[in-house]
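Engineer: Dropping the sequence and predicted coords here.
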Amino acid sequence: MWAPQLRLADAGWRIIAPHVGGAGGHAGDAPDPARASMDEYAAEVVDLLDALHVDAAVVGGLSMGGYVAFALLRLAPAYVHGLILADTRPQADTSEAVEGRKRLMKVVEEAGAAGVASEMIPKLLGETTRRSGPAIVEQVRSLALANSPESIAGMIGALMRRPDSTPLLATIRVPTLVIVGTEDTVTPPAIASEMHAAIAGSELVVIPAAGHLSNLEQPDAFTAALARFLEHRV
């Protein structure tokens, strides 16, 4: 999903794009859905950084990746030299959202990755992309289908059990970029604005004509914002 941003390596940045447990078809690595957590995913990132001898990084996450970034801030803040929070939120799931996750878990059991893709793509992609970006729609479908039902179930479980990260916002002291698509209905611009206001010195970038997957829907605008942030703030 981060393929469009890998070109930042041409400017000299080292880009590391990890899979969380079980993602990308590695079913044997999928966590137990009943115990999967953002902390577990963050611990995997720490293990990877240690294996690569990286002791400080700009940590970026979109949607669930933002929740992993918050977990990393809680567990191992020394690794976080800068922060990118894209189309995400600090709050835990509401009771209504938890019920929605449980329904989606049922979809996984009954229809696998294809069922989840059909259910989620209309929510993940903005109206502009759904109307005029069929290639992006198919790309997102392919990304979803690359995951095993076990890994998807683990992610859903981790999502609905994640803690409230709102208290963390006032403690963030590293350069921070908040990004959101104008058409994001999952974590809308109002939530991004609240995060920006709560994180001292943060920068907010709103990407036009993008939904929840702003880095894929408008890759040029997203990557340009990321490049400016890395160059001028990091």
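Structural biologist: In hand now; what should we look at?

Engineer: Below-threshold pLDDT in this structure: ranges please.
Structural biologist: The chain contains residues with pLDDT under 70 at 21-31.

Engineer: hmm, 80 instead?
Structural biologist: Applying pLDDT under 80 to the chain flags the ranges 20-34.

Engineer: tell me, which helix in it spans the most residues?
Structural biologist: Longest helix in the chain, counting residues (DSSP state H): helix 95-124.

Engineer: I'd like to know which elements it is packed against.
Structural biologist: Counting contacts by 3 or more Cβ pairs under 8 Å, 6 or more residues apart in numbering; DSSP states H and E, helix 95-124 is packed against helix 134-145, helix 149-161. From N, CA and C alone the C-beta is placed, and that goes for glycine too.

Engineer: Residue 84: which element?
Structural biologist: Using DSSP states H and E, the element containing residue 84 is strand 80-86.

Engineer: Show me how far that strand is from its chain's centre.
Structural biologist: 11 Å (Cα atoms, centre = their mean, to the nearest Å).

Engineer: Who does that strand pair with, and is each partner parallel or antiparallel?
Structural biologist: Strand pairing for strand 80-86, determined by DSSP bridges: strand 57-62 (parallel), strand 176-181 (parallel).

Engineer: Tabulate the CA atom coordinates of the very next helix or strand once past the first one in PDB.
Structural biologist: For strand 57-62, the succeeding helix or strand toward the C-terminus, using DSSP H and E, is helix 64-75. Output for helix 64-75, consisting of C-alpha atoms alone and laid out as PDB, is shown next (Å, rounded to 0.1, in the frame of the first residue of the first chain):
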ATOM      1  CA  MET A  64      -4.700   1.100  11.500                       C
ATOM      2  CA  GLY A  65      -1.000   2.000  11.000                       C
ATOM      3  CA  GLY A  66      -1.700   5.200  13.000                       C
ATOM      4  CA  TYR A  67      -2.900   3.000  15.900                       C
ATOM      5  CA  VAL A  68       0.300   1.000  15.700                       C
ATOM      6  CA  ALA A  69       2.200   4.300  15.800                       C
ATOM      7  CA  PHE A  70       0.400   5.300  18.900                       C
ATOM      8  CA  ALA A  71       1.300   1.900  20.500                       C
ATOM      9  CA  LEU A  72       4.900   2.400  19.500                       C
ATOM     10  CA  LEU A  73       4.800   5.800  21.200                       C
ATOM     11  CA  ARG A  74       3.500   4.200  24.400                       C
ATOM     12  CA  LEU A  75       5.900   1.200  24.400                       C
END
